[in-house]
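> Can you look at this prediction? I've put the sequence above it.
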Amino acid sequence: MRKICIINQKGGVGKTTSVVNLAAGLSRSNRKVLIIDIDPQGCLAFCLHDESTKDLYDYLIENADIRECVRPLGINLDIISSKETLTKAETILSKEGNVTHLRRKLQNLQGYDYVLIDCAPSLGILNQNALLFCHEAFIPVSTDILGHRALKRMKEAVEVLSKVFDHQIKVTKIIPTLYDRRVKVCKTVLKDIKNEYYEIVADPISYNSKLKEAPKTGQSIFSYDPKSQGAQDYLRLVKSVIYDEARVIKECYPEKSPPVKTVKGGAKALMVEA
């Protein structure tokens, strides 16, 4: 089972869009996928028109049965959603400094090929929990100067967390987003990203109005407009993720994970200079 955070401390880079469409594409490729929204803004649930009554807060803090919190979205695709109440979980976990609560709760999770976590634009305690559950991080990065700057800091933060908490996680995919080949800075930034991280850089996701429209309908781009440029771009991403499966599982996933203990740490351990 591949466990992947889609994360960037910078907002507006296409994290949720990437989770929705990557999950949809993988599920259509006969992979069983669970998506988890760990962002209190609840954007993932909004984009998919999910109206679950039980969500991640209920599971993490109220100890609700996971079967009450998982909602099927379609063939091979389930969701654990979130809403504003998740901020209470953030407060509780921050006071405790508990960075392994999610990993402990989900340590016996089975039946999925992929778990994708949609993270908030931060390095807060919830995202630290997500990173310490996962063994991979995908970083969507807008193809502009600030996006490139944020990418460097996010990758460094993942590396710091891995070292500080002795946890096996690495950035296995960088996803350039909002790409416009007509704009010089987009081409320059994409070239720079490829030069720095060429082995893990995906083909760019072009700026496409259909990707902006799809959330209003609660559909992935593959359902909303399968012939659009956005659908073509995300299909390439899905294929590259599947192509990497055997190699990444061998490189990133321990053969046998030890029992999960509560680890206290929190934000101070992850401080990366802005």
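Done, it's in.

> switch to C-alpha atoms for all contacts and neighbour counts from now on
OK.

> same for the strand or helix carrying Lys210, what does it pack against?
Element membership for Lys210, per DSSP states H and E: helix 209-217. Helix 209-217 sits against helix 43-47, helix 221-224, with contacts defined as 3 or more C-alpha pairs under 8 Å, 6 or more residues apart in numbering; DSSP states H and E.

> all helices of the chain, in order?
Ranges of helices within the chain are 15-28, 43-47, 56-60, 66-69, 86-96, 101-105, 125-133, 145-164, 184-197, 209-217, 221-224, 229-243, 245-252, based on DSSP state H.

> burial count for Ile117?
Other residues near Ile117 come to 30 when the count uses other C-alpha atoms under 10 Å.

> For it, list each beta-bridge partner.
Listed by DSSP bridges, the beta-bridge partners for Ile117 are Cys5, Ile36.

> Who are the contact partners of it?
With contacts defined as C-alpha atoms under 8 Å, 6 or more residues apart in numbering, the neighbours of Ile117 are Ile4, Cys5, Ile6, Val19, Ile35, Ile36, Asp37, Ile38, Ala130.

> Low-confidence stretches in the stretch 101-250 of the chain?
Within the stretch 101-250 of the chain, no stretch falls below the threshold (pLDDT under 70).

> related to what we said a few turns ago, tell me the most buried of the helices of the chain?
For these, ranked by mean neighbour count under the definition mean count of other C-alpha atoms under 10 Å, the leader is helix 125-133 at a mean of 26.

> what's next to that helix, contact-wise?
For helix 125-133, with C-alpha under 8 Å, 6+ apart as the criterion, the contacting residues are 3, 5, 38, 90, 93-94, 97-103, 117, 119-120, 137, 158, 167, 169, 266-267.

> got the angle between that helix and helix 145-164?
With axes from the mean of the first three to the mean of the last three C-alpha atoms, to 10 degrees defining the directions, helix 125-133 sits at 60 degrees from helix 145-164.
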